[in-house]
Every structure is written in structure tokens, then in C-alpha cells.
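Student: Any chance you could fold what I've pasted below:
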Amino acid sequence: MESMRPIEGEAAMEAAEADAGMDAPPAIGADERRMHVRAYNYWVSLLAGRPFPAIQDLTPSEIADFGPHSVLLDFSGDPENPAIVFLGHALRAESGHDADLATIAEVPGGTLLSRLTDHYLEIIANRAPIGFEAEFTSRGGTNTLYRGILMPFSSGGDSIDFVYGVINWKEVASVEQSALLAEEMARAMFAAPGAAAAWADGPNAASPFPIADDDADGDWFDAAPGRDGYDPAADIGLADRLALARETADAVRSARARTRAALYRALGLAYDFALVAEARPEEYAELLADCGMKAQARAPMTPVVKLVFGVDYDKTRLTEFAAALSYARRTGIALGGLRAALEAHEGGLKGMVAAERAARRPAALPPRADPRAALRAVAAAARVRLEGDASATAGEEYLLLVGRREADGSVAILQPAAQDGKLLERVLRHAAR
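Tutor: Okay, the predicted model is just below:
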């Protein structure tokens, strides 16, 4: 998903990011964010009280900071196909074009430059800088996160006929690359001197990542449960379990592994952490205190998912994750078993959440007895005939009467009360008790 928005100042940029009503785009780092802001501040410095900076004041080739990551479009000649009058060497290299590109029609698809030039018309409509951030898969199949800004310039002062864009990016490791990296880290950690202090029976005996000979291809990250290098019964500290769960959840958050298998893996690790936390309440309390949280008796899995996925994660998703973990605990799913249970459950995660919510609903109340039937067995205290009573033929068996107590102790019936179905129902139920 690409996010585009007008920019009215550095503070406005940050506020817009904080208040956006959509899933936050992946973070691409402070350097990229600063380049975005520095380019905007540079644009502001050229305004000099004008609606738009003068194009004569812009010399991209002399901007050492973000010039290599920029492009200048001139659509004074052909608004439908603006000319590219400057292209920084970093963007040129990313696009894979050594030759000069004359217009945006020549920009290769699947490049960052194409992403930037796709939105140049929006800046005409907004008449203000436009910030954007998103992710895409490059032509080489690499997942790329990028952030940038498009800024208007004018040759005459009032109309926009140039657009200057600055963009920065970083490539993200694939799931397979992340898996290999994690495996190498695990091997290094358990082979390092002094690792024996972390495990009860030696550096490798209780390793949560025992590497089997037949799993030497490093594909433990997506292997079947029980053969993914993770030992749920390993005697490791609660903080280590939390770190492992967070690492996997972080891959889900940052789009490195936005797959159902990755999410189920993270939930499985979170559930294992929750089970061990029950057995180690003091360690768990310390972890919660460190994060400024408390255990919740009525919703014990909510702090767990917040610890693993982060308190700033989407609240709806956190609620679903907590419900899935509660289902697993209520139904007695064993340590290391939630991932397989999610994969086998009808409807997957959504189905498990629905099952847990259905189990929480209170049992349906038995139907109320019909007060009319009960009142039919009650003997009449008196019988009167009301003159001109239209309600007698209205179809309702019962009616309300307005009466007045007389001085001699008798009751004078004045008239039927106005027909009110809800009021009549309440009176009948009260009388039938």
C-alpha cells in the first residue's frame, strides 16, 4: 500500500504519520526519514514569500546531500509526458539505465523512478509538496522499502511547471535470507565460549535451535512443526523466549515475512512464552514491569501479545491474537502445538478467534413464560361493561384501564388507557408473577 499526503511542515509530516488511519507503512530508518525532511526544509528555504520556489534557484547537481537521490521534471512543454531535466546518479543506477532518459515515458517499469513519477500529477492538484512511502518488489525480486517527497517549482511564480522529487530506499532481506541469518546467529551463539552458562546441560544440550544433519539447507524457518530447529521444551529463560517470539513477530510487522505461516509461527512462539510464563510468574512479572505493564486476570493473554508484537500494534489484531492464545489455553493445546493447531483449524486464525468468542458468549436465557396464559387462570375480581369501548374489538385480549378510588372505597373505572404495547407487556408480566 502506498501512502501519499500533502506536506505543510516538518511537524505536520510527523503528525500525519502518527494519525494516519491506515496500517503504518514499514519503517525504513532515521537516515531515510531525515533525507525526506531535509529536502522539504530546503524547498521551504527557497520560497522567499512566494507561492512556489523559483526554478532558477534550484541546482540539483550542486546538492551533495540528496541530489544523487533526486529527479527534476519539466512539464512546461508536454504536461502529459514531462521531460526529465535532471536525474541523480543513485536513481539512475537503481533504474538500470546508463543512457539519459528524456521523458517519463522512457522510465523503466518496476523501478523506484517509476514509483516517483507515477504521482507527479497529484502535486498539481494539491499545489503543495507531497510525501509518500511504501514498499514494492523490484525487477530483481527484492523487497524494497522507500520514502520520498515531490515538491513544486515555478518558472513564473504562480503556476507549477516543474516538480522536484527526492527518494531514498533500502532493500529488505527475504524470508529465506532472514532464515539463514537466524540459523547462523544461533550456531554462533551456541558455539561461543561461555555459552554453557546459559544452558543447564552445556552449550548445545538445551539449545532452542538444534540443527539436525538432514536440515543442513538452512530452511528451518519454514519447515514443518517439530523440524524447524525450534525446541519448545528447551530449558531456556523466559526473556530468551520473549526475544525469540519478538524476532519472529518483527518479521511479520516489517513485511519481511507477511505470510500466514510467519504469523502462525509468531503466535505459536507467543503461546509457548505464555505457558512458560505461567510456570515462572516472578520472571514474567519482572518482564511486564520493565515494559510498564501489569498482568490482567480477566484477559491474561493481552499483555502477552503486547509484549511480543508491541503495544503500538493494531489494536484489533492484538485482540484477535489474544483470543487465539486464550482458545489454545482453554482447550489445552500443548507447548509447541499452537502453530499446527492454527493450520489445522477450520478457518485458520479467524476460525479460532470466532470459536473463542462464541465460547465466551453467555448462554442464551430460557424463553420467558407467556404472562397472558398465566393470567387466564386468575379469577376476575369484578366485571363491568364499558360503553363505547373500541378496544374490545381491537384484537388484544388484555387492556389497561384508568381508575379512580372513590370516598366510599369503590373504584370508578373512567376509560381504557391509550394502547401502549410495551407498557401493557410490562404490566402483564408484573401481574403474572
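Student: Low-confidence stretches in the stretch 1-150 of the chain?
Tutor: Residue ranges of the stretch 1-150 of the chain with pLDDT under 70: 1-33, 97-99, 117-119, 137-142.
Student: all helices of it, in order?
Tutor: 10-19, 30-45, 89-95, 112-117, 120-126 (DSSP state H, counting those that start in this stretch).
Student: For the second one, which helices and strands make contact with it?
Tutor: Using 3 or more C-beta pairs under 8 Å, 6 or more residues apart in numbering; DSSP states H and E as the contact criterion, the neighbours of helix 30-45 among helices and strands are helix 10-19, strand 143-153, strand 162-172. C-beta: built from backbone N, CA, C; applies to glycine.
Student: Name every strand pairing with the last one and say which way it goes.
Tutor: Partner strands and pairing direction for strand 162-172 (DSSP bridges) are strand 70-74 (antiparallel), strand 143-153 (antiparallel).
Student: just how off-centre is the shortest one within its chain?
Tutor: This points to strand 70-74. 35 Å (C-alpha atoms, centre = their mean, to the nearest Å).
Student: Which helix runs longest in the chain?
Tutor: In the chain, taking DSSP state H as the definition, the longest helix is helix 260-279.
Student: what sits up against that one?
Tutor: Helix 260-279 has contacts (C-beta atoms under 8 Å, 6 or more residues apart in numbering) with 175, 222, 225, 228, 230, 232, 238, 241-242, 244-245, 248-249, 251-252, 283-284, 287, 300-301, 304-305, 307-309, 321, 324-325, 328-329, 333, 335-339, 342-343, 348-349.
Student: In that helix, which residues are buried?
Tutor: Neighbour counts over helix 260-279 (16 or more other C-beta atoms under 10 Å) mark 262-277 as buried.
Student: pLDDT wise, what is P281 at?
Tutor: Note on P281: pLDDT of 90.
Student: Now do it against V305, distance only.
Tutor: 18 Å (C-beta to C-beta, to the nearest Å).
Student: try W43
Tutor: 42 Å.
Student: Which one's more surrounded, those two?
Tutor: Between W43 and V305, V305 has the larger neighbour count (other C-beta atoms under 10 Å), namely 29 against 20.
Student: May I ask which helix or strand encompasses that one?
Tutor: helix 301-309 (DSSP states H and E).
Student: quick one, that helix and helix 260-279 angle?
Tutor: Our comparison of helix 301-309 with helix 260-279, counting by axes from the mean of the first three to the mean of the last three C-alpha atoms, to 10 degrees, yields an angle of 120 degrees.
Student: Other residues contacting helix 301-309?
Tutor: By C-beta under 8 Å, 6+ apart, helix 301-309 touches 242, 245-246, 249, 252-253, 266, 269-270, 273-274, 277, 287-288, 291, 293-296, 313, 317-319, 321-323, 325-326, 329.
Student: Which elements pack onto the next helix or strand along the chain from that helix?
Tutor: Using DSSP H and E, the helix or strand that follows helix 301-309 towards the C-terminus is helix 315-330. The contact analysis (3+ C-beta pairs under 8 Å, 6+ apart) places helix 315-330 against helix 260-279, helix 301-309, helix 338-344, helix 348-360.
Student: how about those in CSV, adding distance to P366?
Tutor: Converted to CSV, the helices and strands packed on helix 315-330 look like this (distance: least, C-beta to C-beta, whole Å):
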stretch, distance to P366
helix 260-279, 37
helix 301-309, 32
helix 338-344, 34
helix 348-360, 19
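Student: can you tell me which of those helices comes nearest to A407?
Tutor: Nearest of these to A407, taken as C-beta to C-beta: helix 348-360 at 59.8 Å.
Student: R241 falls within a helix, correct?
Tutor: Yes: counting by DSSP: H, G, I helix; E, B strand; the rest coil, R241 is found in a helix.
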